[in-house]
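[1] Got a predicted structure here, sequence first:
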Amino acid sequence: MNIEALMIEEMTKERAYKILGVPFGSDFSTTSLAFRDLRDKYHPDVSPYTRREYTEIIAAFEYLQRLFSS
């Protein structure tokens, strides 16, 4: 297994908003709603072939969540 293929690109603010599909600079409420919708859609229990997308969605939301709490 190629470990590099499993690595996720470095997260940036722009990338996080893009992954969640919300406009850059959206508030926490908007990003949270988008996160929940995407989390449910790409959850591995629902679709086992979307693990990478699910992981990126989680990482994007956690990244923005840290920024909002600062």
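    Nice, I can see it. Nothing here was measured: the structure is a model prediction, and the numbers come from that model. Numbers count the residues shown, from 1 in each chain.

[2] contacts for stretch 12-21?
    Defining contact as CB atoms under 8 Å, 6 or more residues apart in numbering, one finds that stretch 12-21 is touched by 9, 23-26, 31, 34-35, 38, 56-57, 59-61, 63-64, 67. Every C-beta, even on glycine, is put in place using the N, C-alpha and C of the backbone.

[3] And those, which of them are buried?
    With neighbours counted by 16 or more other CB atoms under 10 Å, these contain buried members at 26, 31, 34-35, 38, 56-57, 59-61, 63-64.

[4] Show me those that map onto helices.
    Members of the buried ones among the contacts of stretch 12-21 lying in helices (criterion: DSSP state H): 31, 34-35, 38, 56-57, 59-61, 63-64.

[5] Could you find the closest non-adjacent residue to Thr50?
    Spatial nearest neighbour of Thr50, excluding adjacent residues (CB to CB, 6 or more residues apart in numbering): Tyr42 at 4.3 Å.

[6] now the ones in helices among the buried ones among the contacts of stretch 12-21 as JSON lines including pLDDT?
    Converted to JSON lines, those look like this (pLDDT from 0 to 100):
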{"residue": "Thr31", "pLDDT": "96"}
{"residue": "Ala34", "pLDDT": "96"}
{"residue": "Phe35", "pLDDT": "96"}
{"residue": "Leu38", "pLDDT": "95"}
{"residue": "Glu56", "pLDDT": "92"}
{"residue": "Ile57", "pLDDT": "94"}
{"residue": "Ala59", "pLDDT": "93"}
{"residue": "Ala60", "pLDDT": "94"}
{"residue": "Phe61", "pLDDT": "95"}
{"residue": "Tyr63", "pLDDT": "93"}
{"residue": "Leu64", "pLDDT": "95"}
